[in-house]
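Trainee: Pasting a predicted model and its sequence here:
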Amino acid sequence: MKILVIHGPNLNLLGAREPGVYGADTLETINGRISGLCTELGLEVETFQSNSEGTIVDAIQQKSFDLLVINPAAYTHTSVAIRDAIAAVGRPAIEVHISNIHKREEFRQHSFIAGVAVGQISGFGAESYLLAIRAAKELLSR
Ligand code: DQA
């Protein structure tokens, strides 16, 4: 079973970007932890980051995966196109956020993605991704 993990815009800057909000771990470190956990759970994984909405839509349409774990970052709050791509491919998706978006500015409290996701994990720092991988394992084992 293959998991595709997509990181949206500005997440390539993790580690340096607002560490008080997003923590000190780099994306490379987080991807390493994701890969380690997937190996432990017997899951294949591909990680992918883009700052561009169209590139993310193309990845959802074109890459092979059984389940999508996505942190759409700022596109969470703006992108009907990413929402529609997830709905179009018809495979389960888990929405991830490092920070708790519901505790932050009002504009972050609406997600266009939540309505097409199985669920959302928000606010556990980089651990949010690992919780999503565990949830993915559970969903794919059903
Ligand atoms: C984020 C939250 C978004 O509101 C923000 O635009 C991000 C990161 C998170 O992981 O906490 O870039 O998705």
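Mentor: Sure thing, it's come through.
Trainee: And the strands in this structure, which stretches?
Mentor: 2-7, 44-49, 67-71, 93-97, 119-122 (DSSP state E).
Trainee: Buried residues in stretch 57-75, which are they?
Mentor: 57, 59-60, 65, 67-73, 75 (16 or more other C-beta atoms under 10 Å). Just so you know, the C-beta spots here come from the backbone N, C-alpha and C atoms, and that holds for glycine as well.
Trainee: Could you list the residues of the chain in contact with the ligand?
Mentor: Within the chain, the positions adjacent to the ligand are 10, 71, 73-74, 76, 97-99, 101, 108 by C-beta under 6 Å from any ligand atom.
Trainee: can you do 8 Å?
Mentor: Residues of the chain that fall close to the ligand, judged by C-beta under 8 Å from any ligand atom: 8-11, 21-22, 71-74, 76-77, 96-101, 104, 108, 122-123, 128.
Trainee: Which residues does the residue most central in space within the chain form beta bridges with?
Mentor: Centroid-nearest residue in the chain: I70, 2.1 Å away (criterion: C-alpha atoms, centre = their mean). Following DSSP bridges, I70 is listed with bridge partners I6, E95.
Trainee: quick one: it from A85, how far?
Mentor: Relative to A85, I70 is positioned 10 Å away (C-beta to C-beta, to the nearest Å).
Trainee: T39 now?
Mentor: Taken as C-beta to C-beta, the span from T39 to A85 is 28 Å.
Trainee: Name all residues that make contact with I133.
Mentor: 3, 34, 37-38, 41, 43, 45, 69 (C-beta atoms under 8 Å, 6 or more residues apart in numbering).
Trainee: re earlier: which of T39 and A85 has more neighbours?
Mentor: Remark: of T39 and A85, A85 carries more neighbours, 20 against 11, as counted by other C-beta atoms under 10 Å.
Trainee: what's the nearest residue to the more buried one if we skip its chain neighbours?
Mentor: Take A85 and drop its neighbours on the chain: the residue closest to it by C-beta to C-beta, 6 or more residues apart in numbering is I60, 4.1 Å away.
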